[in-house]
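> Mind folding the following:
(chains A and B)
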Amino acid sequence: MTLDGSTAAVRVDGLSRRYGATRALDGVDLRLERGITGLLGPNGAGKTTLLSILATVGEPDAGRVSVFGLDPRQAAQRVEIRRRLGYLPQELGYHRHFTVAAFLDYVAILKEITGRRRRAEEVARVLAAIGLETRARTRIRALSGGMRQRLGIAQALLGKPDLLVLDEPTAGLDPEQRLRFRELLSGLPGDPVIVLSTHQADDIAAICPHVVVLLQGRVQFTGTPADLAATAAGRVWAASERDDRAHLAWRGGDNRWRHVGDDPPAGADLVAPTVEDGYLLLSHAAGSR
Amino acid sequence: MTHAGEDLLRGYAAGTVEVAEVWSVEAHLMACARCRSALSAHVDAGRLARSRSVLMVRAALGDGGRVRRLLCRCGVPDHLLRLLGATPSLRRSWLLSVLGVLSVVAAEAVAVRYGWVHASAAARPAGYRDAEVLAPFLLVAPLLVLAGVAAAFLPMFDPAFRLAVAAPFSGFTLLLVRSVCALAAALVPVVAATFLLPGPRWLPLALLLPSLALCALALAAATVLDPRAAAVTAGVLWAVPVLLLLETAHGPLPIVQAHAQFACLAVLCACAMVLLARRDRFEWGWAR
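Here you go, the predicted structure:
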């Protein structure tokens, strides 16, 4: 991510979107470079709205977006963006009577991969990437929630997109699948721009070189996971007793209370902050404003 | 026997040798176990695995059954047929429901016409009896066609609608392909049912234009209104005149007679022009 955004692959300037009285996005400015950017924020922070606009599905009330120098307001350029896009919506619906292979074949056609052989190659490639080769003939209605989520990720990978927009891709995945997903994203060829939203701070810490924290429709933080963790430096303690002055306190696996806040509990030890601590403090600060 | 050289086998495995050489190598391999064994050392395991995966996917996709094979032979592109698979009004359950409704309505009309059941309006002039017994069919049949087309283009019936929006495939083309096929699939049983009904001989043809006009009206209105509102509006614009005519001495038959056919033709032409002029409204998503 660059501050001036002169070479940014995706530029977002002053993006705003309202739903009735609710302001989902409020003057969002962003610069996304090639590589993985994690979008962190609570429910209702505007993540899904922002991602749907980047995917040219939603439309802002105000502001500008540029994807690889293309303007989605122009019909021809919007189609060009879509040719280079892989999108996993938050709530992806499926034609449940389709088999896994048929669904991917269907999406491949929507992505203008019309040759029969090329479609089969693409479907085989993404099925192998996501570990669903043995389920090619299974009907979608017979898949578990985790498998459907993997199928959703697989369809986003069709056509080797330059821009991957993934809205909560790890929701519903078990720990092993999450690790496989991280491996998959890290190994994608062509160095695409990947933007993913998640509630899982450890996903962000593990695979995202860039983090954006979105709170109440505004960008509250942009930087690296280490920078986000550093915002909580000196404000995270471990103590044997709970202190009610902490913004948040929970008992860890070592049976000690981890306190996140401004006031140190009595007899507490300062501990190294994590991405989650930094996010919690940002979120608390935004909530108290 | 002269065996194939290592370079030739390597080239054959990589697919880089000339066609004539391929034939001669393959003829030799059929008869030579030693060269078959030597060939396996040159085969790229990754490429082999990918080819196997592709074959498995092609087997999983199948050829789509008899209807699909037939349509492919008639020149319909294979990928368009896959798109139709996601159209609810082309699914067996939907088509069976249409047949069920048509059977009930047609059977009711036949039963009343031949006096197997008593109609409440039996006191009306005898000359208009057919028109009256046809009323439920005239009301329902075009609405069934409209429902089929609406199910083909309304976003609420496409669970993967967001994917279709975010994809480069033209939304208008998708709409046309699905709607035209849904229209044809619904018109066939409707027209077939009219042959079983009492009434004028021209009745099977008489329902075509109103059905087409109604669907075109819904599609054209969807460029201005919410698609659901457009479909409902078109349905109401059909149902109200039919019900009003039922209260007149002539019954609802005038809704498909000559003057009405001209009106339907005019509506169809006007709606087709609106649809063409505003087709970009079906490129959903940003800037719709």
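> Can you name the element that comes right after the host helix or strand of residue B:29?
For residue B:29, the host element (DSSP states H and E) is helix B:19-31. Once the chain leaves helix B:19-31, the next helix or strand it forms, by DSSP H and E, is helix B:33-40.
> Contacts for that following helix next, please.
Helix B:33-40 has contacts (C-beta atoms under 8 Å, 6 or more residues apart in numbering or on different chains) with B:3-4, B:6, B:9, B:12-13, B:28-29. Any C-beta I mention is one placed from the backbone N, CA and C, and that applies to glycine too.
> Dump these to JSON lines, plus secondary structure, neighbour count and pLDDT.
Converted to JSON lines, those look like this (DSSP: H, G, I helix; E, B strand; the rest coil; neighbours: other C-beta atoms under 10 Å in any protein chain shown; pLDDT from 0 to 100):
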{"residue": "B:3", "secondary structure": "coil", "neighbour count": "12", "pLDDT": "87"}
{"residue": "B:4", "secondary structure": "coil", "neighbour count": "21", "pLDDT": "86"}
{"residue": "B:6", "secondary structure": "helix", "neighbour count": "12", "pLDDT": "88"}
{"residue": "B:9", "secondary structure": "helix", "neighbour count": "23", "pLDDT": "89"}
{"residue": "B:12", "secondary structure": "helix", "neighbour count": "21", "pLDDT": "88"}
{"residue": "B:13", "secondary structure": "helix", "neighbour count": "18", "pLDDT": "85"}
{"residue": "B:28", "secondary structure": "helix", "neighbour count": "17", "pLDDT": "90"}
{"residue": "B:29", "secondary structure": "helix", "neighbour count": "16", "pLDDT": "88"}
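> and stretch B:25-38, how far apart are its ends?
By C-alpha to C-alpha, to the nearest Å, the extent of stretch B:25-38 from end to end equals 12 Å.
> Likewise for stretch A:260-271?
Its start and end residues considered, stretch A:260-271 measures 10 Å (C-alpha to C-alpha).
> so for it, what's the average pLDDT?
In this model, stretch A:260-271 has a mean pLDDT of 86.
> Now that stretch: buried residues?
Buried residues in stretch A:260-271, counted by 16 or more other C-beta atoms under 10 Å in any protein chain shown: A:260-261, A:264-265, A:268.
> Just the closest of these to residue B:265, please.
Among the buried residues of stretch A:260-271, residue A:260 lies closest to residue B:265 (C-beta to C-beta), at 72.7 Å.
> From residue A:231, how far out is that closest one?
11 Å (C-beta to C-beta, to the nearest Å).
> Residue B:92 now?
For residue B:92, the distance to residue A:231 equals 58 Å [C-beta to C-beta].
> Of these two, give the one with the bigger neighbour count.
Comparing residue B:92 with residue A:231 by other C-beta atoms under 10 Å in any protein chain shown, the one with more neighbours is residue A:231, at 19 against 8.
> Let's see the pLDDT reported for the closest residue to chain A within the stretch 51-200 of chain B.
Scanning the stretch 51-200 of chain B for proximity to chain A using C-beta to the nearest C-beta identifies residue B:159 as nearest, at 2.8 Å. Confidence at residue B:159, expressed as pLDDT, is 91.
> Spatially nearest residue to it (excluding sequence neighbours)?
Excluding its sequence neighbours, the residue lying closest to residue B:159 (C-beta to C-beta, 6 or more residues apart in numbering or on different chains) is residue A:93, at 2.8 Å.
> how about that neighbour, what does it touch?
Residue A:93 is in contact with B:158-162, counting by C-beta under 8 Å, 6+ apart.
> Sitting in helices, which of the residues you listed do you find?
With helices defined by DSSP state H, the entries of the contacts of residue A:93 inside them are B:161-162.
> Can you tell me which of the contacts of residue A:93 are classed as buried?
Neighbour counting by 16+ other C-beta under 10 Å classes B:158-162 among the contacts of residue A:93 as buried.
> Dump those residues to CSV, plus distance to residue B:244.
Formatted as CSV, the buried ones among the contacts of residue A:93 follow (distance: C-beta to C-beta, whole Å):
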residue, distance to residue B:244
B:158, 35
B:159, 38
B:160, 41
B:161, 37
B:162, 41
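> Quick one: the strands in the stretch 1-150 of chain A, in order.
Residue ranges of the strands in the stretch 1-150 of chain A, as given by DSSP state E, counting those that start in this stretch, are A:10-19, A:22-32, A:35-40, A:62-67, A:85-88.
> So what are the sheet partners of the shortest one and their directions?
Strands that pair with strand A:85-88, judged by DSSP bridges, come out as strand A:163-167 (parallel).
> Need the residues that contact the strand it pairs with.
Residues outside strand A:163-167 that contact it (C-beta under 8 Å, 6+ apart): A:9-10, A:47-48, A:51-52, A:54-55, A:67-68, A:81, A:84-90, A:153, A:156-157, A:188, A:192-197.
> circling back to that earlier point, between residue A:260 and residue A:231, what contacts are shared?
Common contact partners of residue A:260 and residue A:231 (C-beta under 8 Å, 6+ apart): residue A:281.
> My understanding was that residue A:185 contacts residue A:194; is that so?
Yes. Here residue A:185 lies in contact with residue A:194, judged by C-beta atoms under 8 Å, at a distance of 6.2 Å.
> Neighbours of residue A:71, how many?
15.
> Settle this for me: it is touching residue A:79, isn't it.
No. Applying C-beta under 8 Å as the test, residue A:71 and residue A:79 come out as separate, 11.9 Å apart.
> give me phi/psi at whichever residue of the stretch 51-200 of chain A sits closest to chain B?
Proximity of the stretch 51-200 of chain A to chain B (C-beta to the nearest C-beta) peaks at residue A:93, 2.8 Å away. When read as degrees, to the nearest 10, the backbone of residue A:93 gives phi -90, psi 150.
> now it: how far from residue A:166?
In this view, residue A:93 and residue A:166 are 16 Å apart by C-beta to C-beta.
> ditto for residue A:280
Noted for residue A:280: a distance of 23 Å to residue A:166, by C-beta to C-beta.
> Which one's more surrounded, those two?
Set side by side, residue A:280 and residue A:166 show more neighbours around residue A:166, with 26 against 20, by other C-beta under 10 Å.
> quick one, helices of the stretch 1-150 of chain A?
A:47-54, A:75-83, A:100-110, A:116-130, A:145-157 (DSSP state H, counting those that start in this stretch).
> To residue B:246, which of these lies closest?
Among the helices of the stretch 1-150 of chain A, the nearest to residue B:246 by C-beta to C-beta is helix A:100-110 (44.1 Å).
> elements contacting that closest one?
Counting contacts by 3 or more C-beta pairs under 8 Å, 6 or more residues apart in numbering or on different chains; DSSP states H and E, helix A:100-110 packs against helix A:116-130, helix A:145-157, helix B:45-61, helix B:78-84, helix B:161-166.
> Can you add distance to residue A:28 and give the ones you listed back as a markdown table?
Formatted as a markdown table, the helices and strands packed on helix A:100-110 follow (distance: least, C-beta to C-beta, whole Å):
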| stretch | distance to residue A:28 |
| --- | --- |
| helix A:116-130 | 31 |
| helix A:145-157 | 22 |
| helix B:45-61 | 40 |
| helix B:78-84 | 35 |
| helix B:161-166 | 20 |
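> Among the ones you listed, which comes closest to residue B:190?
Of all the helices and strands packed on helix A:100-110, it is helix B:78-84 that lies closest to residue B:190, at 19.4 Å by C-beta to C-beta.
> Is that closest one in proximity to chain A?
Yes. Under the criterion of C-beta under 8 Å from any C-beta of the partner chain, helix B:78-84 makes contact with chain A via B:78-79, B:82-83.
> Just send the residues you listed back as JSON lines, with neighbour count too.
Below are the residues of helix B:78-84 next to chain A laid out as JSON lines (neighbours: other C-beta atoms under 10 Å in any protein chain shown):
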{"residue": "B:78", "neighbour count": "18"}
{"residue": "B:79", "neighbour count": "19"}
{"residue": "B:82", "neighbour count": "22"}
{"residue": "B:83", "neighbour count": "19"}
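> So in chain B, which helix runs the longest?
Using DSSP H, we find that the single longest helix of chain B is helix B:171-194.
> what's in contact with it?
A:110, B:80, B:83-84, B:87, B:89-90, B:95, B:98-99, B:102-103, B:105-106, B:137, B:141-142, B:144-145, B:147-149, B:151-153, B:164-165, B:203-204, B:207-208, B:211-212, B:215, B:219, B:279-280, B:282-284.
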